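Undergrad: need a structure here:
(one chain, ligands or ions: 1)
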Amino acid sequence: MKSVISYPYRGKWGRADYRGNCSGFVIKDLLEMYKPRSFLEIFAGGGTGFEVAREMGYKDSVHLDLNPEWGGWNALKDEITICSELIFCHPPYYDMVIYSGEVWGEAHEDDLSRARDYGDYIRKLNLVHRKLFNSLPEGGRLVTLLGDCRKHGVYYSIIKDMEYFGSLESHIIKIQHNANSSRRSYKGSFIPIVHEHLLIFRK
Ligand SMILES: C[S@@+](CC[C@H](N)C(=O)[O-])C[C@H]1O[C@@H](n2cnc3c(N)ncnc32)[C@H](O)[C@@H]1O
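TA: Residues are numbered from 1 along each chain as shown. Next up, the predicted model:
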């Protein structure tokens, strides 16, 4: 893994049709590099992390999501009952994709993609990250995958506005291959977003 990662092929793991899914290679590379003894994934979505973990022999890894398919675990209200050496989380990027009521089930008030506004989203994201970080053992890592977004001409930099925890061990740029903006061509001064951020915090 280097400070820029790019996976033109997302890999075979998880549901490629789950909106906002990520490449399983991100998770595979993290697990191969850090070799954590325990692995927890929050925002499991289309099952990418689950399938990677099982293939790599993590029989007891835990994968949680508000989506009822993953037990309806609510990152805002529910506790983390295990202490895992590596936590991977891939939250909604503000309201770029609305999950509850659109990707699955009924609209849920604690769905991060349904936050009242951007300030409410950042407050909730901080709360979740804090809870995850607190659950780590000393030396453990919290890895979060996030994208900046643009709405009605306003640029929202989630990684600038959110709270940081422990020490930032790495900031990796991930090239985005399947976003609408990477397929379209633009004229003038508009700069499309074709990357995401992988932040690795160490406790
Ligand atoms: C970007 S997707 C994760 C995609 C996943 N990495 C994949 O590859 O399929 C974000 C997920 O956050 C979940 N989510 C939103 N609010 C949540 C909450 N309060 N607690 C737990 N999960 C939540 C959504 O259901 C959605 O599956």
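
Undergrad: excluding chain neighbours, what is closest to Asp17?
TA: With Cβ to Cβ, 6 or more residues apart in numbering as the measure, Gly46 is the residue that lies nearest to Asp17, at 7.4 Å, once sequence neighbours are left out. In this view, the C-beta of every residue, glycine as well, is placed from N, C-alpha and C.

Undergrad: other residues contacting stretch 161-175?
TA: 1-6, 26, 118, 122, 125-126, 129-130, 133, 141-142, 145-146, 194-203 (Cβ atoms under 8 Å, 6 or more residues apart in numbering).

Undergrad: would you agree the residue nearest to Asp17 is in contact with Arg15?
TA: Yes - when contacts are counted by Cβ atoms under 8 Å, Gly46 is listed as touching Arg15 (3.4 Å).

Undergrad: which parts of this protein sit against the ligand?
TA: Taking Cβ under 6 Å from any ligand atom as the measure of proximity, the chain contacts the ligand at 14, 18, 20-22, 43, 45-46, 48, 65-67, 73-76, 90-92, 99, 110-113.

Undergrad: quick check: next helix or strand after the lowest-mean-pLDDT helix or strand in the chain?
TA: Taking all helices and strands of the chain together, the one with the lowest average confidence (mean pLDDT, DSSP states H and E) is helix 180-183, at a mean of 60. Beyond helix 180-183 on the C-terminal side, the first helix or strand identified by DSSP states H and E is strand 195-202.

Undergrad: okay, now the sheet partners of that next one, with direction.
TA: Strand pairing for strand 195-202, using DSSP bridges, gives strand 141-146 (antiparallel), strand 167-175 (antiparallel).

Undergrad: spatially central, which residue of this protein would that be?
TA: Residue closest to the average C-alpha location in the chain (Cα atoms, centre = their mean): His90, at 0.9 Å.
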